[in-house]
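Asker: After the sequence you'll find the predicted model.
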Amino acid sequence: MNIESNKAAFSKEPREENLVTMLWDIQRRNGWISKADVRSLAAILNVSPLDIDETLSFYHFFRSKPSGRHQIYLCDSVIARMNGYDQVRAALERETNCCFGGLSADGLFGLEDTPCIGLSDQEPAMMIGDVVFTGLTPEAVSNIVAQLRAGKLPADIANPNGYDSGTLDYVDAMVVSRIRNQGPVFFKPMRDHHAVLQGVLARHPIEIIDEIAASKLRGRGGAGFPTGLKWRLAHEAEGGQKFIICNADEGEPGTFKDRCLLTRSPRDVLIGMVVAGFAVGARSGILYLRAEYWYLKDYLERHIGECREAGLLGDDILGSGFAFDIRIQMGAGAYICGDETALIESCEGKRGTPRVKPPYPIQSGYLGMPTVVNNVETFAIVSRIVEEGGRWYASMGTEKSSGTRLLSVSGDCARPGIYEIEWGMRLDEVLGMVGASRPMAVQVSGPSGECVSAAKDGGRVFCYSDLSCNGSLMIFDESRDLLGIIRHFMSFFVQESCGICTPCRSGCVDMLTKVDRVIGGKATKQDLEDCNAWGHLMRSTSRCGLGTTAAKPILTTMKSFPELYRDRLAVVDGPILASFDLEKALKGHEDAFRNLVKDNY
Amino acid sequence: MNHHAKDYILSHDLPRSAMDPAVMAKRDEKLHVAMIGLCGCWGCTLSFLDMDENLLRLLDRITITRSSFTDVKRIPRRAAIGFIEGGVANEENIETLVHYRENCDVLISVGACAVWGGVPAMRNLVPLEDCLREAYVDSPTRPLQQPPTIPYHEDIPKLTTKVYPLHEVVKIDYFIPGCPPDGQTIFKVLDDLVHGRDFSIPAHINRFD
Amino acid sequence: MTAKLYIDGREICASEGDVLIDVAADYGIHIPSLCYMRGRPCLGTCRVCSVVVNGSIMPACTARIADGMVVEVAQPEVADMRRALVEANFSEGNHNCPSCEKSGRCELQAVAYEVEMVVSRFPYRFAERERDQTARHIFLERDRCIFCQRCVEFIRDIDTGHKIFAIHGRGTHARIDIDVVLADRMPPEQVREAADICPVGCIIEKGRGYNDPIGKRKFETRSIRDRVLEGDKK
């Protein structure tokens, strides 16, 4: 790859260029990004090669080593592990003649693990390039690999009818959208988005903000910041340009509601973004789509294109003079980019490092301009609020938690999938609704949330002051090894911590060590006290939401399932600490000696 | 180490000459203090001696049952305070450390090696096999024309896989960092403990090197 | 606009919007930090300057003065958190002061003295990170890096403004990298600056070792507390 050809590739207009996009272009063309590519990008962007490498090495889907012709990413999540991940993994290694983390000798296959890819209701699942395969079995794996060996493309295997990648049929051929109930807000068929938007544009932006404020809508990303207030602050903020960003980096393990919204109701989301743009005075929107959802990209592009043609996006929306357009920014594999400031950095083509706050995005966000970042679900709700009115929305749910929300339900239940619930529902009601027959533990809001006991916490209520669920609900029955699940969650945080701040970078590793100690029967009461203290340290001093919540798998299970830890505590006899592995400490010399003797005599 | 064949005598098993009963009685009333080194350079032990004449002020209250003056490996009776320098790098270190933990009310890590492993712990970055190969097989000073001799015998303490800080092996009550810590720092800690004051090493006397 | 605030019960007047850690220093209250440098943009990476502001814990380098602010620096729980964060850095890398060229000139060491650290409560990890000696005047002892980002942000190529140092990878797998071509163009005073702003012994100037004897080194002649409070930019 020389500078000229890269330059030619990147000078197409119109397009908002950034490094993440450029790296994707190279990788999609060549399979990987070489040192020469890095140098040429550095020359084009007038930065040092290290600057390119900083971004390249941050995202786990970017490859600085050659890929297999078919680079396979198998989802390694606790839900996948409950549904046959191990067998599928073994089948993949056997059929491709390749070990995880490496390439097959013929260069045809590369295998990697990847955290939750948003398909928890149909695990095990894997990605091959842009294509996903769900509900995998060892037999399905041998079948897929055989077809790949025979020269078929992944897309042709997953989409045998050859639907165009911009169609819903294409998406449906790969992934099922299991929408289990019809509520008042989401997935309304046959909506007249034209009329909705016309109604909005006829009003004053402040009226729209008042409407959203009246709905008492709180952001659905997890933090629950009042949407109306966020918009008002952004509206009042001074800046040459303002931006609307839709956070579709649905990375919290166990959640997949945004994927279903983008599949079944993409227009609701796009229109919600236009409404936000109108309310705060922004002309540009970015839909930040996680790389795991690449199979939705063409489909979403088509919807954006159709909206433009219909005058719902563009320079003069519905003849009102209001201009707003949306582009899609692809992520590249980093859970941290779910944090709004990390996401903004990523939109600018940089490492997804959360920014120092203040300033907040509404003051200084994308390109230093006032920026509103909202979740996919929030925008979908907005499109309904402006249609039905803020009071209509506020009349649902509870006093402090208005409206409804989507739950992505997975794990041990008869009917995993998407449910719309009114805030105020009790946990045991939800468990009954989804057909969880013998639930033991429920992981509310993913690893960063809370693990509650089905027996003790059934009366707890979904609302911002109690179970403020971000949409992920994983159910584990009595057969599950909860400590193993906690360990999996902690190692997820170790992998995903960006490392910018001490407490998170260091604390995640230390907490993982503690879990291993508990699992190994080598923990004492002191270790549990350390977990509490160190977890508190991470919660209090970390820079962003990842670090502040990363100890929660341990902290919340210590509260809900204290016996889990108590029963594993070491019986201490003698002065040597339970955590000290005497046998291992004394074995090294003998092993070393035997190896050296073997080599030298 | 398993001393199954008892055809030798350890220093602490040797008979001791009888002392004046009056002196013994007086000594029994005092706080017993002991110090020993594990895997270190004995520099901290020298710092212990650097308490110099300050020690005289404490001699009404303490007696030192083990130091580098009395080269026994075990303490004859329970001590109030044990100071240990050096990290754990072999089997014998573990035995000695356990003996001190069992026989000291308060155990203190003295110096970088005891506190976190120190200079000997630089080998933690290298597999033990490579360390032994470098020292005994590929060593430029190894006698040629002879097969390499790699120490491994029941009479020689086994090296531990890694070098460990003391508090990873047994419970340690206090830590005095430094390489070595100053005699005055050790004295302050000892003086505070003897007089029932809280342990503290203020910034101006705290040193890691 | 002038704001009235309280630090550990003491009433203080400062300009609204000023940085808390600076204001505290102006009033003789030392809040330790490993990444913040007065007069330069806040990096917010080490979190060692965490204090209690109006009941919640936040780093004093990101906190801006507001009227009526109540700040607690000496409160034992948050003081222990500051110490824990310093200790975490000691466990993560290999901070072998007796064998480090930076000893006595090292901010991590000096701050550790200030917070009265004697040992790390976290397990020592004995990190293995390959060192890089390819640049002509600088070598990187990577296992001492604490990812403060000072060199990444503040040491740039004089002609182009390009990054000379950068972080490769993320989280526990991250490492500091150096652009050898640009590094070899650094004038001697910039090399010295890079080595000096490194708060640990990671960026080492080749050919410069223990030029001051023990007892005469930077933080041995005057503590980091005194230096910060007297306006030395560290």
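Answerer: Yes, it's here.
Asker: Mind naming the longest strand for chain A?
Answerer: Of all the elements of type strand in chain A, the one with the most residues (DSSP state E) is strand A:404-411.
Asker: send the alpha carbons of stretch B:90-101 over as CSV?
Answerer: Taking Å, rounded to 0.1, in the frame of the first residue of the first chain, the C-alpha atoms of stretch B:90-101 are listed here in CSV:
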residue,chain,number,x,y,z
ASN,B,90,14.1,-20.6,49.5
GLU,B,91,12.7,-23.4,51.7
GLU,B,92,14.7,-22.6,54.7
ASN,B,93,13.5,-18.9,54.6
ILE,B,94,10.0,-20.2,54.8
GLU,B,95,10.9,-22.4,57.8
THR,B,96,12.6,-19.6,59.6
LEU,B,97,9.8,-17.1,58.8
VAL,B,98,7.2,-19.6,60.1
HIS,B,99,9.3,-20.0,63.3
TYR,B,100,9.4,-16.3,63.8
ARG,B,101,5.7,-15.9,63.1
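Asker: What are the buried residues along that stretch?
Answerer: Buried positions in stretch B:90-101, judged by neighbour count with 16 or more other Cβ atoms under 10 Å in any protein chain shown: B:Asn90, B:Glu91, B:Glu92, B:Asn93, B:Ile94, B:Thr96, B:Leu97, B:His99, B:Tyr100, B:Arg101. C-beta here means a position set from N, CA and C on the backbone, and glycine is covered the same way.
Asker: next one: stretch A:513-524
Answerer: Of the residues in stretch A:513-524, A:Thr513, A:Lys514, A:Val515, A:Arg517, A:Val518, A:Lys522, A:Ala523, A:Thr524 count as buried by neighbour count, 16+ other Cβ under 10 Å.
Asker: Now do the longest strand of chain A: distance to the chain's middle.
Answerer: Going by Cα atoms, centre = their mean, to the nearest Å, the spacing between the C-alpha centre of strand A:404-411 and its chain's C-alpha centre is 15 Å.
Asker: Who are the contact partners of B:Met122?
Answerer: Residues touching B:Met122, when contacts are defined by Cβ atoms under 8 Å, 6 or more residues apart in numbering or on different chains, comprise C:Asn96, C:Ser99.
Asker: give me that answer again for 10 Å
Answerer: Contact criterion Cβ atoms under 10 Å, 6 or more residues apart in numbering or on different chains gives B:Cys131, B:Val163, C:Asn94, C:Asn96, C:Ser99, C:Phe126 as the residues in contact with B:Met122.
Asker: quick one: least confident of those?
Answerer: The weakest per-residue confidence within the contacts of B:Met122 falls on C:Ser99 (89).
Asker: quick one: the nearest residue to that residue once chain neighbours are set aside from C:Val118, how far?
Answerer: The shortest distance from C:Ser99 to any residue other than its chain neighbours is 6.6 Å, reached at B:Val119 (Cβ to Cβ, 6 or more residues apart in numbering or on different chains). When distances are taken as Cβ to Cβ, to the nearest Å, B:Val119 and C:Val118 turn out to be 18 Å apart.
Asker: Phi first, then psi, for the residue nearest to C:Ser99.
Answerer: phi -60, psi -40 (degrees, to the nearest 10).
Asker: Check it and give its pLDDT.
Answerer: B:Val119 is assigned a pLDDT of 94 by the prediction.
Asker: C:His30 now?
Answerer: So, for C:His30, pLDDT stands at 97.
Asker: where does chain C have low pLDDT?
Answerer: Flagging of chain C using pLDDT under 70 yields the residue ranges C:233-234.
Asker: run the last query once more with 80
Answerer: Counting by pLDDT under 80, chain C shows low-confidence ranges at C:209, C:211, C:232-234.
Asker: What are the boundaries of the helices in it?
Answerer: For chain C, helices defined by DSSP state H occupy the ranges C:20-26, C:76-92, C:107-114, C:150-154, C:180-183, C:188-197, C:218-221, C:224-229.
Asker: how about those in TSV, adding mean neighbour count and distance to A:Ala551?
Answerer: Formatted as TSV, the helices of chain C follow (neighbours: other Cβ atoms under 10 Å in any protein chain shown; distance: least, Cβ to Cβ, whole Å):
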stretch	mean neighbour count	distance to A:Ala551
helix C:20-26	22	26
helix C:76-92	21	13
helix C:107-114	27	24
helix C:150-154	21	28
helix C:180-183	18	39
helix C:188-197	17	32
helix C:218-221	18	33
helix C:224-229	19	30
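Asker: Go through these and name the closest to chain B.
Answerer: The closest of those to chain B is helix C:107-114. By Cβ to the nearest Cβ, the value is 4.4 Å.
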